[in-house]
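Undergrad: Okay, here's the prediction I keep looking at, along with the sequence it came from:
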Amino acid sequence: MSTGTIGQSSSSYDTHTVYSEIHYAPCFVEDESGQIHLKLEGAAVEGTTTFDTTERTGGEVLSLALSIADAHGHERRHVEKILPFDLPVYVLGEFHADGSIGKPGALSKNSNVIVSLKSEEERGRKLRRPPNGF
């Protein structure tokens, strides 16, 4: 009589962004003190996801050749995030000479521009949360 073990099968794959194209609609925020233009290029936008789909590429010679070389194939992902009207937003960026808020300048000590539906307190709690296991 022989005994055997049932083996486990696993697979892994890497995700690489080959091409990324981001479009931003003109965006302004307004409160009782006035209105200001947000320059979103390079910003981390934490909005509401309205569209998120992934599709396998196919039908192209290059795609076919890459799919043969890579058993996992290639996929295209399309994501759309919006900042809905009339909801509060948290903005972290730098004020520019043209009166807009956007990404920090080349000589700035800051590195981020963030536009979020989360409050400053919610974002702070997330950043102060200890790593898993602690």
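TA: In hand now; what should we look at?
Undergrad: Tell me where this protein is predicted with low confidence.
TA: Along the chain, segments meeting pLDDT under 70 span 1-15, 57-73, 126-134.
Undergrad: can you give me the strands for it?
TA: 27-31, 34-38, 44-46, 48-56, 75-82, 90-92, 94-95, 101-102, 114-116 (DSSP state E).
Undergrad: And the chain, what are its domain boundaries?
TA: 28-47+83-128, 52-80 (automatic domain parsing).
Undergrad: right, so the ones you listed: which one is the most enclosed?
TA: domain 28-47+83-128 (a mean of 13; mean count of other Cβ atoms under 10 Å). No exception for glycine: its C-beta is placed from N, CA and C like everyone else's.
Undergrad: quick one: the helices in the protein?
TA: 61-69, 120-128 (DSSP state H).
Undergrad: Any chance of CSV for the domains of the chain, columns distance to Glu21?
TA: Formatted as CSV, these follow (distance: least, Cβ to Cβ, whole Å):
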stretch, distance to Glu21
domain 28-47+83-128, 13
domain 52-80, 10
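Undergrad: To His16, which of those lies closest?
TA: Closest of the domains of the chain to His16 is domain 52-80, at 9.6 Å (criterion: Cβ to Cβ).
Undergrad: How about Ser116: what's its closest non-neighbour residue?
TA: In space, and not counting its chain neighbours, Ser116 is closest to Glu46: 3.8 Å by Cβ to Cβ, 6 or more residues apart in numbering.
Undergrad: cool, and Leu83?
TA: Gly47 (4.7 Å).
Undergrad: residues contacting that neighbour?
TA: Shown in contact with Gly47 (Cβ atoms under 8 Å, 6 or more residues apart in numbering): Lys81, Ile82, Leu83, Pro84, Val115, Ser116, Leu117.
Undergrad: Specify which member of the residues you listed is nearest to Glu94.
TA: Using Cβ to Cβ, the contacts of Gly47 come closest to Glu94 at Val115, 13.0 Å.
Undergrad: Please report how far the residue nearest to Leu83 lies from Asp98.
TA: 24 Å (Cβ to Cβ, to the nearest Å).
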